[in-house]
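# The following block contains a protein sequence and its predicted model.
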Amino acid sequence: MRDELIVSEQLDADTVRAIEAIVLVAMEPVPTELLAQLLEQPTTVIDDLCSTLAAAYDEAGHGFQLVKVAGGWRYQTHADLSPYVERFLLDGQRARMSGAALETLAIIAYKQPLSRAQIASIRGVDPDGVIRTLQARSYVAEVGRDTGPGQAILYGTTPSFLEKLGLNALTDLPPIAEFVPGADVVEALEQGLRIDPPAEPRA
């Protein structure tokens, strides 16, 4: 009986850790049914574990909460800490942007409207995190839907982007050709960076 109890507690602990991991990386509230399916547990068990976990966070006095919103579970900051969170977010608006954010912003500015998949194909990496940063700074926004299959969200720049750059319209952006080296420069770089294979020893 004791061995069965230990096994049950271990299963619960592993399930709780899995719930934390999934909800932490989720972009939207994770439905109980989806958690139950992923973790191969009854929905009642998942709901009980999530409720127990949420109560444990509150009792420990953490600055975040696990809450049920719109039928799903998500992490959010504690309401009484909103002044500090707002101060941090406003300070972040003044922080320097990363190279990845600048690169993504330039791609959107010159080729908009673009979907996430199109941006990813140009940059070669997942742009989700960078797009969220640009949206938080009000430099890019959703401007429509693709007419193709799936109707992907399309992104474009905002008036705030133009204001930051001191531009009246997107047509005032400098021609992209100004930033692309000429064929002679590219050829010189290729020559300088080429590594020739070692010569075969003569017999």
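Okay, I see it. Keep in mind that this is a model prediction, so the values were computed, not measured. Numbering: from 1, shown residues only.
# Kindly report the domain assignment for the chain.
Taking automatic domain parsing as the reference, the chain has its domains at 2-80, 99-184.
# how about those in JSON lines, adding distance to residue 86?
Just so you know, the C-beta spots here come from the backbone N, C-alpha and C atoms, and that holds for glycine as well. Below are these laid out as JSON lines (distance: least, C-beta to C-beta, whole Å):
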{"stretch": "domain 2-80", "distance to residue 86": "10"}
{"stretch": "domain 99-184", "distance to residue 86": "12"}
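# Would you mind putting those domains into a markdown table with distance to residue 87, mean pLDDT and mean neighbour count alongside?
Listed next are the domains of the chain as a markdown table, based on distance: least, C-beta to C-beta, whole Å; pLDDT from 0 to 100; neighbours: other C-beta atoms under 10 Å:
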| stretch | distance to residue 87 | mean pLDDT | mean neighbour count |
| --- | --- | --- | --- |
| domain 2-80 | 12 | 83 | 13 |
| domain 99-184 | 15 | 84 | 14 |
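# all helices of the chain, in order?
Per DSSP state H, the chain carries helices over the ranges 2-25, 32-39, 43-60, 82-93, 99-111, 116-123, 128-136, 159-165, 183-193.
# which residues sit against stretch 44-56?
12, 15-16, 19-20, 32, 35-36, 39, 65-68, 73 (C-beta atoms under 8 Å, 6 or more residues apart in numbering).
# Rebuild the helices of the chain as TSV, extending it with distance to residue 142.
Putting the helices of the chain into TSV (distance: least, C-beta to C-beta, whole Å) gives the following:
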stretch	distance to residue 142
helix 2-25	22
helix 32-39	25
helix 43-60	31
helix 82-93	20
helix 99-111	12
helix 116-123	11
helix 128-136	8
helix 159-165	14
helix 183-193	36
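# and residue 172, which of these is closest to it?
The closest of those to residue 172 is helix 159-165. By C-beta to C-beta, the value is 8.1 Å.
# Give me the contacts around the closest one.
The contact list for helix 159-165 (C-beta under 8 Å, 6+ apart) reads 105, 109, 137, 138, 139, 140, 168, 169, 170, 173.
# Of those residues, which is the nearest to residue 59?
Taking the contacts of helix 159-165 together and measuring to residue 59 by C-beta to C-beta, the closest member is residue 137, at 36.2 Å.
# now that closest one: how far from residue 32?
Taking C-beta to C-beta, to the nearest Å as the measure, residue 137 and residue 32 are separated by 34 Å.
# One more: residue 165?
46 Å.
# If we ignore the residues flanking it in sequence, what's nearest residue 103?
Leaving aside its chain neighbours, residue 103 sits nearest to residue 123 (6.6 Å; criterion: C-beta to C-beta, 6 or more residues apart in numbering).
# out of the contacts of helix 159-165, which are inside strands?
residue 140 (DSSP state E).
# ok, of the contacts of helix 159-165, which one's closest to residue 24?
Lowest distance from residue 24 to the contacts of helix 159-165 (C-beta to C-beta) belongs to residue 137, with 23.4 Å.
# how much space between the residue sitting nearest the centre point of the chain and residue 99?
For the chain, the residue nearest the mean C-alpha position is residue 129 (2.5 Å; C-alpha atoms, centre = their mean). With distances taken as C-beta to C-beta, residue 129 is found 13 Å from residue 99.
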